[in-house]
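S.K.: structural data only, the sequence is not supplied:
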């Protein structure tokens, strides 16, 4: 029965997909990866008679460097995300057209970020390649492959990724890096709008099922790069540096998108939908407490460091 309902909803949402695909194509701006890479800063590595990377080559601080690595490896795993989208949404009709267009746009992100990092010697390219191989050889991405959880998750993660890229660009202290990451973030914003609109339509068509999916995804959300080697350690660095932390996740990602969906204003839910919404509200209250505690502890640590300086 659940499979049949999912198939029916997939069909009902297809006109919404087509409408939002048309909207996307009208507002998206083409750009070219080579324009955003400072090629004049590049030089050969040892195999071609130059010098291999040394730690002193990088001009970017460790926190920004960790975020750049996490962001690039996240973008690298595009084949796994594509597979999950096709599994969840199917390759045909408007759904398939969107998936392939989305994949083509996303592919620019990894190629441009890698070129930028290697040309500027911001990170160790050998370590980067080993991490990429380990991640992409490790199996499927962790995002859900059912229709409603998938589109809810993708809406949230596109917004999260937009925020992460923008803040990482600022943290580099490099105008070229900041310009590149702002360009990538602009793509992620348009992708977020597509999925956000799709979930809004799903709430109108299947409010109880969509509310349950929103609650489940918010409670179990992980960034798409969570499966990469060393992610936990680098995520702590990124959070401590204020690039992406629990406070930002709640205030700048979860709450804005829930407000847009009018999650707590909607009427007409069945007891199942109401129960899911109550569970969501309870979870958000707990998350707010955790986020506040994290910020307090970080401020205390920073103050202690300054007092010792």
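M.R.: That came through, no problem. This structure is a prediction, so every number in the text was calculated from the model and none was measured.
S.K.: helices along the stretch 51-200 of the chain, start to end?
M.R.: For the stretch 51-200 of the chain, the helices defined by DSSP state H, counting those that start in this stretch occupy 62-76, 78-89, 93-119, 125-136, 147-172, 175-205.
S.K.: now render those as TSV, adding mean neighbour count, distance to residue 239 and mean pLDDT.
M.R.: In short, each C-beta sits where N, CA and C put it, glycine included. Below are these laid out as TSV (neighbours: other C-beta atoms under 10 Å; distance: least, C-beta to C-beta, whole Å; pLDDT from 0 to 100):
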stretch	mean neighbour count	distance to residue 239	mean pLDDT
helix 62-76	23	10	95
helix 78-89	18	23	92
helix 93-119	18	21	97
helix 125-136	15	20	95
helix 147-172	24	11	96
helix 175-205	19	18	97
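S.K.: to residue 44, which of the ones you listed lies closest?
M.R.: Of all the helices of the stretch 51-200 of the chain, helix 93-119 sits nearest to residue 44, with 11.5 Å by C-beta to C-beta.
S.K.: helices or strands up against the closest one?
M.R.: helix 2-27, helix 62-76, helix 78-89, helix 125-136, helix 175-205 (3 or more C-beta pairs under 8 Å, 6 or more residues apart in numbering; DSSP states H and E).
S.K.: wait, doesn't residue 244 sit right on residue 163?
M.R.: Yes. In this structure, residue 244 is within contact of residue 163 by C-beta atoms under 8 Å, at 6.5 Å.
S.K.: now the helices and strands packed on helix 93-119 in a markdown table, with distance to residue 111?
M.R.: Formatted as a markdown table, the helices and strands packed on helix 93-119 follow (distance: least, C-beta to C-beta, whole Å):
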| stretch | distance to residue 111 |
| --- | --- |
| helix 2-27 | 21 |
| helix 62-76 | 9 |
| helix 78-89 | 10 |
| helix 125-136 | 12 |
| helix 175-205 | 11 |
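S.K.: which one of those helices lies nearest to residue 252?
M.R.: Nearest of those to residue 252, taken as C-beta to C-beta: helix 175-205 at 11.9 Å.
S.K.: need the mean per-residue confidence for stretch 43-51.
M.R.: For stretch 43-51, mean pLDDT is 96.
S.K.: for stretch 287-304, same thing?
M.R.: Mean predicted lDDT for stretch 287-304 stands at 92.
S.K.: mind listing what's buried along that stretch?
M.R.: 287, 291, 295, 298 (16 or more other C-beta atoms under 10 Å).
S.K.: ok so, going back, export the helices of the stretch 51-200 of the chain as CSV, with columns for distance to residue 304.
M.R.: Formatted as CSV, the helices of the stretch 51-200 of the chain follow (distance: least, C-beta to C-beta, whole Å):
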stretch, distance to residue 304
helix 62-76, 18
helix 78-89, 41
helix 93-119, 33
helix 125-136, 31
helix 147-172, 22
helix 175-205, 30
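S.K.: most centrally placed residue in this protein?
M.R.: The chain has residue 161 as the residue nearest its centroid, 3.1 Å off, counting by C-alpha atoms, centre = their mean.
S.K.: test my guess that it contacts residue 249.
M.R.: No. Counting by C-beta under 8 Å, residue 161 does not reach residue 249; the two are 11.7 Å apart.
S.K.: next, the angle helix 62-76 makes with the helix or strand encompassing residue 239.
M.R.: Assessed by DSSP states H and E, residue 239 sits inside helix 231-240. Using axes from the mean of the first three to the mean of the last three C-alpha atoms, to 10 degrees, the inter-axis angle of helix 231-240 relative to helix 62-76 is 130 degrees.
S.K.: give the buried residues for helix 231-240.
M.R.: Neighbour counts using 16+ other C-beta under 10 Å place 231, 234-235, 237-239 of helix 231-240 among the buried residues.
S.K.: can you give me how far it is from the chain middle?
M.R.: Between the centre of helix 231-240 and the centre of its chain there are 15 Å (C-alpha atoms, centre = their mean, to the nearest Å).
S.K.: for it, which outside residues touch it?
M.R.: Helix 231-240 is contacted from outside by 62-63, 66-67, 69-70, 164, 223, 225-226, 244-246, 294, 298, 301, using C-beta atoms under 8 Å, 6 or more residues apart in numbering.
S.K.: relative to residue 48, which of those is nearest.
M.R.: Checking the contacts of helix 231-240 against residue 48 by C-beta to C-beta gives residue 69 as the nearest, at 24.2 Å.
S.K.: how close does that closest one sit to residue 177?
M.R.: 13 Å (C-beta to C-beta, to the nearest Å).
S.K.: what is the mean pLDDT for stretch 6-23?
M.R.: pLDDT averaged over stretch 6-23 gives 93.
S.K.: which other residues reach that stretch?
M.R.: Here stretch 6-23 makes contact (C-beta under 8 Å, 6+ apart) with 89-90, 93-95, 97-98, 101, 146-148, 193-194, 197-198, 201-202, 205-206, 209.
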